[in-house]
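>>> what's the 3D shape of this:
(one chain, ligands or ions: 2)
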Amino acid sequence: MSLFKRLTKSKKEKENSDDEKKSVAIVGLDGAGKTTIVKRILRSEFILTRPTFGVNIEVYNYRSLEFVVYDLGGQTPLRESLWEKFITSADGLVFVLDSADKDRFELASDEFNRALSYNDKAPILFISNKIDLENAAATDEVLEIIDFGELIRTQRKYNFTRCSALTGAQLFESWDWLTLELCEDEDMPTNNVKIQGYYFFKSEGMEVETTLFGKPKTQSKNVELFKKGRTEIIKFIKQMSGFEIAETLLQVDDKQLVLIKNKQNVIGLVVDELDPAARAVQIAKNLHKKMERSSNNHTAVNIKDLIEKHYPLDFFREK
Ligand SMILES: Nc1nc2c(ncn2[C@@H]2O[C@H](COP(=O)(O)OP(=O)(O)OP(=O)(O)O)[C@@H](O)[C@H]2O)c(=O)[nH]1
Ligand SMILES: [Mg+2]
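Ligands and ions are numbered 1, 2, ... in the order given. Here you go, the predicted model:
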């Protein structure tokens, strides 16, 4: 998904466009990680945040839609003064819970219900954040306290996800869900991606392999892009060195680079900027599993062969 298209769209283009706008309100108690999530999704790296005193407004483009994200401060006076206005007019609603702040689950539940009472239509993305922390609550623990009854009764579109804004784990797929929900009537991207090449690194930073697909002409065009991609991967590996699992989605020129790190390896897939990134994330995760299995069995496999064999429709074949 091209969340990052907004980076390439000039101000002039924006002023002239009569694109439809969609608004997303992101709420939750103070310190839940709302601003970190928004910054991570829009800038695709981990940035230290300060408490939000009011509202941060961020804009990004996806296909022909312009999204305005209202990241609302979660401290008590702000919840009381600001939330209603922004939530009522939102097309999509994101509620963020600090899954390690168990003492405030009851309060979070009350505030979640209050948020729902201001808007009975918007699809809801519920994010149980900070799963990288040791004392993060499991799904069951969250569901025991947070009341989803209202969503189920009213058959509202919702998605529950556990993620970490710090490592990016699960974050991009869930945001993708919301964006696609809001694009419902738009031209949906196809379900397949075209993988134009991949990177394979050891998790401590050793480069194992970089492979470009396509005809020689396309490959030589992509060489520079792949060089930039490699720099981004090394930055990511350094930043995430303390974590066993980490994910990110980067924009490199007009391509998206999906990076998934597990305990042993880092796989980076390059797809087109308009391809559905959630699909690429899923493929990279499955490739990790297949690589792990083959290394447990001491059999040698090559990522290119795996992609060709298991994802023939996602393999970039130039005519
Ligand atoms: N370990 C960990 N820390 C996180 C994560 N997400 C956010 N944080 C940290 O939690 C703190 C609060 O994050 P913010 O994003 O500022 O929280 P907020 O929800 O915007 O808070 P308000 O603006 O006050 O409503 C910061 O120190 C973040 O670095 C996460 O997934 N894991
Ligand atoms: Mg904030």
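
>>> which residues in this structure form strands?
Assigned by DSSP state E, the strands in the chain fall at 20-27, 55-62, 65-72, 92-98, 124-129, 158-162, 197-202, 207-212, 246-252, 255-261, 265-272.

>>> output the second one as CSV, nothing but the C-alphas.
The C-alpha atoms that make up strand 55-62 are tabulated as CSV, following Å, rounded to 0.1, in the frame of the first residue of the first chain:
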residue,chain,number,x,y,z
VAL,A,55,-4.2,17.5,18.3
ASN,A,56,-1.6,16.6,15.8
ILE,A,57,-2.8,16.7,12.2
GLU,A,58,-1.1,14.6,9.5
VAL,A,59,-2.1,14.1,5.9
TYR,A,60,-1.3,11.3,3.5
ASN,A,61,-2.5,10.1,0.2
TYR,A,62,-3.6,6.7,-0.9
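
>>> summarise which helices and strands that strand is packed against.
Using 3 or more Cβ pairs under 8 Å, 6 or more residues apart in numbering; DSSP states H and E, the elements in contact with strand 55-62 are helix 5-8, helix 34-43, strand 65-72. Glycine gets a C-beta too; all of them are placed from N, C-alpha and C.

>>> of all these, which lies closest to Lys285?
Taking Cβ to Cβ, helix 34-43 is the member of these nearest to Lys285, at 18.5 Å.

>>> state the mean pLDDT of the closest one.
Averaging pLDDT along helix 34-43 yields 89.

>>> what is it packed up against?
Using 3+ Cβ pairs under 8 Å, 6+ apart: helix 34-43 touches strand 20-27, strand 55-62, strand 65-72, strand 92-98, helix 171-182.

>>> buried residues, the third one. List them.
By neighbour count with 16 or more other Cβ atoms under 10 Å, strand 65-72 contains the buried residues Leu65, Glu66, Phe67, Val69, Tyr70, Asp71, Leu72.

>>> surely the third one touches Tyr60?
The one in question is Phe67. Yes - Phe67 is in contact with Tyr60 according to Cβ atoms under 8 Å; the separation is 5.3 Å.

>>> report the contact partners of the residue lying closest to Lys290 once chain neighbours are set aside.
Closest residue to Lys290 apart from its sequence neighbours, by Cβ to Cβ, 6 or more residues apart in numbering: Leu306 at 5.4 Å. Residues near Leu306 by Cβ atoms under 8 Å, 6 or more residues apart in numbering: Leu287, Lys290, Met291.

>>> just to check, the first one is in contact with Ile267?
Yes - with contacts defined as Cβ under 8 Å, Leu287 counts as touching Ile267 at a distance of 5.5 Å.

>>> any common contacting residues for the two?
Ile303.

>>> re the thing from before, out of the contacts of Leu306, which comes closest to ligand 1?
Leu287 (24.7 Å; Cβ to the nearest ligand atom).

>>> residues in contact with the closest one?
Ile267, Ile303, Leu306, Ile307.

>>> sort out for me which of those residues are in helices.
The helices, defined by DSSP state H, take in Ile303, Leu306, Ile307 from those.

>>> count the neighbours of the first one for me.
Using other Cβ atoms under 10 Å, Ile303 is surrounded by 21 other residues.

>>> what's the answer for Phe172, then?
24.

>>> one step back: what subset of the contacts of Leu306 is also close to ligand 1?
Among the contacts of Leu306, not one lies near ligand 1 by Cβ under 6 Å from any ligand atom.

>>> where does this structure come near ligand 2, residue by residue?
Lys34, Thr35, Thr52 (Cβ under 5 Å from the ion).

>>> between the residues you listed, which has the most around it?
Of all these, the most densely surrounded is Lys34 (28 neighbours; neighbours counted as other Cβ under 10 Å).

>>> that one is in contact with Gln75, isn't it?
No - using Cβ under 8 Å, Lys34 is not in contact with Gln75; the gap is 11.6 Å.

>>> tell me where the model's unsure across the stretch 151-300 of the chain.
Where the stretch 151-300 of the chain drops to pLDDT under 70, the residues are 184-190.

>>> got the buried residues for the longest helix seen in the chain?
The longest helix of the chain (DSSP H) is helix 216-239. Neighbour-count burial for helix 216-239, counted by 16+ other Cβ under 10 Å, picks out Gln219, Asn222, Leu225, Phe226, Gly229, Arg230, Glu232, Ile233, Phe236, Ile237.

>>> what's across from the closest residue to Glu20 other than its chain neighbours in the sheet?
Nearest-residue entry for Glu20: Leu65, 5.6 Å, with adjacent residues in sequence omitted and distances by Cβ to Cβ, 6+ apart. On the basis of DSSP bridges, Leu65 is bridged to Glu20, Tyr62.
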